[in-house]
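Trainee: Generate a structure from the sequence data that follows.
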Amino acid sequence: MTRQLDDVLSVSGQVQPGDIAALAGEGITLIINNRPDGEEPGQPRGLEIEQAATAAGIAYRAVPIIRGIGPADADAMNDALAAASGKVLAFCRSGTRSALTWALAKADKGMPRDEIERRLVAVGVDPTPIAHLL
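Mentor: Numbering: from 1, shown residues only. Predicted structure coming up:
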């Protein structure tokens with residue numbers, strides 16, 4: 001399930017290589033992978049997703065979140081979003097890490113805390129784990 005956080009970015013759970021063509025059809029121009037390889041048995045490797053994205057004309061960025069979300073992750077998200085030329089999909093196992101990383105990236109860019117929290121709650125993501133960083 002894809003959940004839209006702003007005009008550019010949507011988040012979702014695990015993307016499969018077979019999903020990429022449909023994402024291209026929806027206008028996605030960049031996929032950000034926030035999931036490290038090997039996190040769960042049966043999960044596709046980032047390289048498989050990158051190859052499918054490239055074949056479909058979609059840019060790909062790996063920004064794996066391994067042990068909590070830190071400033072470097074927010075910086076990498078901001079860099080990826082700044083380079084995007086259209087709609088972006090960020091994914092992880094459930095979409096939560098991707099949404100929280102977006103939130104910290106937006107906070108770094110000056111989006112008000114209440115707006116960030118409102119958008120997270122609207123898509124079913126609890127802002128509590130990062131509230132102290134907003």
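
Trainee: so the most centrally placed residue in the chain bridges to which residues?
Mentor: When C-alpha atoms, centre = their mean is applied to the chain, the residue found nearest the centroid is residue 90 (2.2 Å). Partner residues in beta bridges with residue 90, using DSSP bridges, are residue 11, residue 32.

Trainee: and it, how far is that from residue 6?
Mentor: According to C-beta to C-beta, to the nearest Å, residue 90 stands 11 Å off from residue 6. Every residue, glycine included, has its C-beta placed from N, CA and C.

Trainee: what about the strands in the protein?
Mentor: 3-4, 9-12, 28-33, 59-62, 87-91 (DSSP state E).

Trainee: Could you give the separation of the third one from the chain centroid?
Mentor: In other words, strand 28-33. 8 Å (C-alpha atoms, centre = their mean, to the nearest Å).

Trainee: Burial check on residue 23, number of neighbours?
Mentor: Neighbour count for residue 23, taken as other C-beta atoms under 10 Å: 22.

Trainee: Make a markdown table out of the strands of the chain and add distance to residue 115 and mean pLDDT.
Mentor: What follows is these, written out as a markdown table (distance: least, C-beta to C-beta, whole Å; pLDDT from 0 to 100):
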| stretch | distance to residue 115 | mean pLDDT |
| --- | --- | --- |
| strand 3-4 | 15 | 96 |
| strand 9-12 | 14 | 97 |
| strand 28-33 | 21 | 97 |
| strand 59-62 | 25 | 96 |
| strand 87-91 | 18 | 97 |
